[in-house]
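Engineer: no FASTA, just this:
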């Protein structure tokens, strides 16, 4: 079956799908971490064996005013200097510089905490939705992931497999296509993996610098991928788009259905707006598509997200 | 020799010391990265073999209003919610939350970029001091380290070696004491290492929550350590205090002399305000004091510093 | 009767007092402005006749890092430059400078909007308390006062009347003392007035620069003043302290009872942290204690407060 | 002569014009306030007689995310709640709300301080250009105007005089047209006046909500107006556009020439992005085009600008 056929799945109902893939209670009634529990120490250790040359690839996009946020709900980071050395007269000729930043925690490359989305008054694991208040996430804040996210990373390069620079906005990637890409790359996706999906959407932004276009839609996973991710016990899913899932969504008029199922029902941490350009080129060059991934979030207490700059080490 | 004798060194003159340990030109006239150049791919690969159990320790302190910044030049991070789900009426019952942060890039656990301090009109490698402007670091910004900092980490637990919860403010740690701690821990410090020095200053803050006291002074490295670090070709030095070096400094009335020598002359990236409490306990328990360190900075373009949450993986 | 006797009133019960002085419905069921409705155009016109010499006194305190906010719930304003002229190469040698600020809207001299406090699930005029959300004030936001606050101002200089530099924290000012000061100053407080109460608390801060002390308590109005203000139909009450009312409050363990009665029940806009030092000296010099007051808030849509720099024009 | 002829002046050379209209030294070698010195107490007193009915018009535009800043050098204000009452359990059922703002000081209606622009290394009155540092304005900061700006305001409604909703971007208004409008309105512009020029540019934004279009250009004063303003000793000039002057400028490739002459040479405070819609309608209705103006800036120490909400009182 070609990917063209694969991308026209019958789209499942969101709530039914949520019930099917739900991980509530799996790691205890109090759990706030969800599928990152799948990253056991043993899996981290095993993943360290994927480091063959020590070459590193940083997956975070630059944090500055030229990023992909056109304004509105989120802005690009605004970094301002508080000290440059001007006006300082200090012993020994000491001069120091310092800076502040004002930014949405999800302005660039970032994790969604499990408090980022919910429906029907409940977060992941049944935690109360109204626990997300003006003070932040009562449960499932990003600080609960602060112990670190590292392990086996796998890159599925869908754009390369299709032979395009990038998939168009609105293009859904289905489970069959994920299978086909993995088969072509001769890599398997397994339990506890950090799965990275390259759609080329970052490449498009690098080419056209169109922030409004970047956010207006995107290629991404279809709803049907939720079961596929659940069956493989993937720990984290990341992408070079900004919402993992295809936008506009598969159900006309719907909003962020895969977000709701993955984050709220499965308890999956998402990694968004990553840059896979150099990593993908290196993987394609030697045919090794798995690597050690080290992507610690910043421990913002009760934070809903965190900027990240994950390392892929090969 | 006991550490008591070791901590009364003859304190070198800052500028003479700077000339002695200077790495300018060593990695080319245009280099902006300094000693992190010492972290070669081969050293990263070798360090990966230190991962024995896969157990991870996150070294970043919580980012919230209870941090160690009492106000003044820097404040604790102020994270505010822009969305909680309130007032949202979206398809499928979708609710989303989002947050913004305003923070000094050096509010908590963080790297100093090589643009953070300078003297005599020159940054590291002779880059012009007046290139640090209101727009940020013209050279040596933290984005030049964005490719990632990872490799062999070594923890020297000075407080544990002295048998104290923490060293007092103003206590200088000299090279002989570093040697003595390393010998007692049966660990060697080598080229390209990320060297972490535990003074107990974080433990003190956890005990007394005294932000003003945390910043008023600190135990830390004496000036004489610069040569020792240079001789061993250490790549990064980190600590649980906020300035690596002893405060007040060894020369009466001086200011941040070790900062100037390490950052501006040696080109060394500093990692400050880390939390080694759990890591040190684990190291002490099994006597292994080296580990894989993965601490990517956030790629703030022209930024002077970056918050971090490094992972120590054993 | 001396003021010493006057300041030991029987303290009324907050909820009973609230019911007694309530202005709900007085200006219509939809009203969001409360007592500033009392400032009619005719009263503004009449107040303009108080301008005798044209001398102006600005009542706003400086907005910078040396202000009275020690951190915690509020910080002092942090103003940072985004442009100074550095790195600019523009036609004609044009150089421009620009700045950003991050600040609590109630960091310095400011108005409390009627959405600032509430109890028993209702704001002023019965507007729902849960209409104050993460997006701001659903009703009674400061923008509803944006049309401007100007009119007759009257200064009652309690500290001067007592012959002290400042009243101590915890000192309650009762209605009898307000009467006594007004009588001594030969000034009457009338309908639609902006009433300013000088306690000397600003002078204390100017003397000792103790931000923590400034916020730890304050002299101010006792609960009994609510009826007095209501009987005279005062439009706005302002002070040189930060909460108008005496802190700690008169009922042991209570919190901001006068705030609740004035703002929520009476619908009164409060003006806090003003500086009356020069104005009071001028008033004392010629015995004229009323003047034209012009203190427009900034029109922050749905804002809870606004910084101000009101003018008293004599 | 009709205004059509008047708007094709011979455009003066900026530096020659600057020398001609310069006010340096006029109010002393140390002066930092420039033409607001012209607002004497007697002029304020006289202006108070313009208050006939007490009707007030607030000229500040709303401060929120829907303002005219499309991003880039400046953003719209971002106001975020720090407290809403959620999670509070306080005595007496007390609930309180609070908010923070992050904003460019020139995001909406605002004054340019005299430190906002300069050329040839000098600010107004010869103050050094390099005194504008990362810490702010060494001289001529907005705090030097904090004593207040109030006095006689005059509105010249150019759009109404032309019979258009708004002038197109790039349309220069010359001194002859200002004369013609004043004559038609039967109002004189005099010494110490706050002169307000209505171009309709605010009306255009209200009609099309096009922030990028608002900032891409504008109708405004031509360079030749500088002499006219200087001859009349106008104290402050304000407009409903964002830069007072016509954009693009009259000299091809030039940048902000009138800004440089007015601010740097004449020492004139500018008031930008005001809303005259309701005020102009009232003035047109009864033919009175002068009024009492009260527009205090916020006293940001060393600030380059300040948001304002001036009152016009008729």
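Structural biologist: Happy to help now that I have it. As the structure is a computational prediction, the values presented were derived from the model and not from experiment.

Engineer: per-residue confidence for the residue in the stretch 51-200 of chain A that chain C sits nearest to?
Structural biologist: Closest to chain C within the stretch 51-200 of chain A is residue A:80: 3.8 Å, counting by C-beta to the nearest C-beta. C-beta: built from backbone N, CA, C; applies to glycine. What the model reports as pLDDT for residue A:80 is 98.

Engineer: How many residues are close by it?
Structural biologist: Applying other C-beta atoms under 10 Å in any protein chain shown, we find 20 residues neighbouring residue A:80.

Engineer: what's the distance between it and residue A:99?
Structural biologist: Using C-beta to C-beta, to the nearest Å, we find residue A:80 at a distance of 7 Å from residue A:99.

Engineer: With residue A:30 instead?
Structural biologist: Going from residue A:30 to residue A:99 by C-beta to C-beta gives 39 Å.

Engineer: Which one's more surrounded, those two?
Structural biologist: Remark: of residue A:30 and residue A:99, residue A:99 carries more neighbours, 28 against 8, as counted by other C-beta under 10 Å.

Engineer: That one touches residue B:306, doesn't it?
Structural biologist: No: Residue A:99 is beyond contact range of residue B:306, at 9.8 Å (criterion: C-beta atoms under 8 Å).

Engineer: Secondary structure element holding the residue nearest to the spatial centre of chain A?
Structural biologist: Residue closest to the average C-alpha location in chain A (C-alpha atoms, centre = their mean): residue A:271, at 1.3 Å. Applying DSSP states H and E as the criterion places residue A:271 in strand A:269-272.

Engineer: Report the next helix or strand after that strand in sequence order.
Structural biologist: Criterion used, DSSP H and E; the element after strand A:269-272 is helix A:277-286.

Engineer: That next one close to chain B?
Structural biologist: No: between helix A:277-286 and chain B, judged by C-beta under 8 Å from any C-beta of the partner chain, nothing touches; the nearest distance is 9.6 Å.

Engineer: so what does that helix touch, helix or strand wise?
Structural biologist: strand A:56-58, strand A:150-157, helix A:201-208 (3 or more C-beta pairs under 8 Å, 6 or more residues apart in numbering or on different chains; DSSP states H and E).

Engineer: Please name the nearest non-neighbouring residue to whichever residue of the stretch 151-300 of chain A sits closest to chain C.
Structural biologist: The stretch 151-300 of chain A approaches chain C most closely through residue A:300 (16.8 Å), counting by C-beta to the nearest C-beta. Ranked by C-beta to C-beta, 6 or more residues apart in numbering or on different chains and with sequence neighbours excluded, the top spatial neighbour of residue A:300 is residue B:63, at 4.7 Å.

Engineer: neighbours around the one you found, how many?
Structural biologist: 26.

Engineer: now do the one 4 residues further on
Structural biologist: Neighbour count for residue B:67, taken as other C-beta under 10 Å: 22.

Engineer: what's the helix or strand for it?
Structural biologist: Per DSSP H and E, there is no helix or strand for residue B:67.

Engineer: Just the pLDDT at it, thanks.
Structural biologist: Reported pLDDT for residue B:67: 97.

Engineer: What of residue A:71?
Structural biologist: The predicted local confidence for residue A:71 is 89.

Engineer: Tell me who's in contact with it.
Structural biologist: Residues in contact with residue A:71 (C-beta atoms under 8 Å, 6 or more residues apart in numbering or on different chains) are D:70-71, D:75-76.

Engineer: Please identify which of the residues you listed is nearest to residue C:131.
Structural biologist: Taking C-beta to C-beta as the measure, residue C:131 lies nearest residue D:76 of the contacts of residue A:71, at 23.2 Å.

Engineer: and stretch A:112-129, which residues are buried?
Structural biologist: Residues A:112-119, A:122-125, A:127, A:129 are the ones in stretch A:112-129 that count as buried (16 or more other C-beta atoms under 10 Å in any protein chain shown).

Engineer: tell me the secondary structure for residue A:292?
Structural biologist: On the three-state scheme (DSSP: H, G, I helix; E, B strand; the rest coil), residue A:292 is labelled strand.

Engineer: Okay, and the beta partners of the closest residue to it other than its chain neighbours?
Structural biologist: Nearest-residue entry for residue A:292: residue A:313, 4.4 Å, with adjacent residues in sequence omitted and distances by C-beta to C-beta, 6+ apart. Beta-bridge partners recorded for residue A:313 (DSSP bridges): residue A:56, residue A:292.

Engineer: neighbours around residue A:313, how many?
Structural biologist: 28.

Engineer: And for residue A:13?
Structural biologist: Neighbours of residue A:13 (other C-beta under 10 Å): 12.

Engineer: Could you do residue A:60 as well?
Structural biologist: Neighbours of residue A:60 using other C-beta under 10 Å come to 23.

Engineer: Enumerate every residue touching it.
Structural biologist: Per C-beta under 8 Å, 6+ apart, neighbours of residue A:60: A:108-109, A:274-275, A:307-310, B:146, B:296, B:298-299.

Engineer: so which of the helices and strands packed on helix A:277-286 gets nearest residue D:210?
Structural biologist: helix A:201-208 (22.1 Å).

Engineer: any idea how far the closest one is from the chain center?
Structural biologist: 17 Å (C-alpha atoms, centre = their mean, to the nearest Å).

Engineer: Now do the helix or strand just after that helix: which elements does it pack against?
Structural biologist: Going down the chain from helix A:201-208, the next helix or strand is helix A:211-216, by DSSP H and E. If contacts are counted by 3+ C-beta pairs under 8 Å, 6+ apart, helix A:211-216 sits against helix A:201-208.

Engineer: Can you list the low-confidence ranges for chain A?
Structural biologist: A:1-9 (pLDDT under 70).
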